[in-house]
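Participant: Sequence first, then the predicted structure, then my questions.
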Amino acid sequence: MSDLTLHPVEDGVILAELSRPPENLFSIEMCDRLSALLEAPPEGAHVLRLRADGDAFCLGRDRGSTALSPGEVRAEAEALVRLTTAVQRSSMVTVAEVQGDAAGFGVGLIAAFDVSVAVRDASFRFPEVGIGLAPALVLAWLPRVVGRREAFWLTATASPLAAERAAELGLLNEVVDTRDDLVKRVDDMVDALRSRSPRVHADIKDMLRVFGDLGDERALEVSLDKLVVGSLRRGEG
């Protein structure tokens, strides 16, 4: 299996398996592949189910060298924004099966997916402050989900967020006890989704996006410039 295996459609479901232990970091190439799938799903695709191998779900993304040029940093950031936007705009319903810890961009994916379920012992954090970086892409969406004060604390301290609290704040739909429980619960949720109309689900997603806060995409655009500047200033006091 490659770092990111995208299985063929089976009964309306595409299984995406992330296998890049131990951290399961997302590369730009992986972002591009998943974005392309979400933007142009194959015929008959209704649900995208994302799972990961190993102890961690996804501890973020590959970070380029501090020697990257502003153009290269921006290109990397644009790939992340493209994937987040593709998740939100895709006609497919996206389901995250979170079997372990997530950090940074990994938490962003979980939050962006339509349905996310995690095991109880998973935790979630934003570690960018530890490398001298304000997480611009995270801050483009996090306050709208958890509120400004919680967003500040989580990103300013890199404090871990327990799964139960993540569910209370809206980052997760549900929390289950074990990995076996996780697989069974996600199976049931996918079955429930598959029993309904893909067209109606696509309409619901579109309406939620249109009728909701219209600032998300603009915030993501602004975050690109902030991320480039912040990355170039890494190492400053």
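Facilitator: Alright, I've got the coordinates. Remember, it's a predicted structure, so these values are computed and weren't measured experimentally.
Participant: Flag the shaky bits of the protein, pLDDT-wise.
Facilitator: 1, 64-67, 212-220, 222-223, 226, 230, 233-237 (pLDDT under 70).
Participant: quick one, helices of it?
Facilitator: Counting by DSSP state H, the chain has these helices, from start to end: 28-39, 70-89, 105-112, 136-139, 142-146, 148-157, 163-169, 179-194, 198-211, 216-232.
Participant: would CSV of these with distance to His46 be doable?
Facilitator: C-beta: built from backbone N, CA, C; applies to glycine. Below are the helices of the chain laid out as CSV (distance: least, CB to CB, whole Å):
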stretch, distance to His46
helix 28-39, 13
helix 70-89, 15
helix 105-112, 18
helix 136-139, 28
helix 142-146, 25
helix 148-157, 33
helix 163-169, 25
helix 179-194, 6
helix 198-211, 4
helix 216-232, 24
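Participant: for those helices, which one ends up most surrounded?
Facilitator: Mean neighbour counts were compared across the helices of the chain using mean count of other CB atoms under 10 Å; the top stretch is helix 105-112, at a mean of 25.
Participant: quick one: it to helix 70-89, angle?
Facilitator: Between helix 105-112 and helix 70-89, the angle comes out at 30 degrees (axes from the mean of the first three to the mean of the last three CA atoms, to 10 degrees).
Participant: mind checking how far helix 105-112 is from the chain centre?
Facilitator: 2 Å (CA atoms, centre = their mean, to the nearest Å).
Participant: do stretch 191-206 as well
Facilitator: Averaging C-alpha positions (CA atoms, centre = their mean) puts stretch 191-206 20 Å from its chain's average.
Participant: Now do the contacts for the spatially most central residue of the chain.
Facilitator: Nearest residue to the geometric centre of the chain (CA atoms, centre = their mean): Leu109, 0.3 Å. Listed by CB atoms under 8 Å, 6 or more residues apart in numbering, the contact set of Leu109 reads Phe26, Leu50, Cys58, Leu83, Thr84, Val87, Ala96, Ala102.
Participant: Would you mind measuring from it to Thr5?
Facilitator: Separation of Leu109 from Thr5 (CB to CB, to the nearest Å): 16 Å.
Participant: before we move on, what about Thr85?
Facilitator: For Thr85, the distance to Thr5 (CB to CB) stands at 23 Å.
Participant: try Ser19
Facilitator: 7 Å.
Participant: Could you do Thr94 as well?
Facilitator: 16 Å.
Participant: Look at the two and report which has more neighbours.
Facilitator: Taking other CB atoms under 10 Å, Thr94 and Thr5 do not tie; Thr94 has more neighbours (23 against 12).
Participant: Beta-bridge partners for that one, please?
Facilitator: With DSSP bridges as the criterion, Thr94 is bridged to Leu48.
Participant: got the contact list for it?
Facilitator: By CB under 8 Å, 6+ apart, the contact set of Thr94 is Leu38, Val47, Leu48, Leu50, Val87, Ala112, Phe113, Asp114, Val115.
Participant: So the closest residue to Glu221 other than its chain neighbours versus Arg209, what's the distance?
Facilitator: What sits nearest to Glu221 in space, not counting adjacent residues and going by CB to CB, 6 or more residues apart in numbering, is Val81, at 7.7 Å. Using CB to CB, Val81 is found at 15 Å from Arg209.
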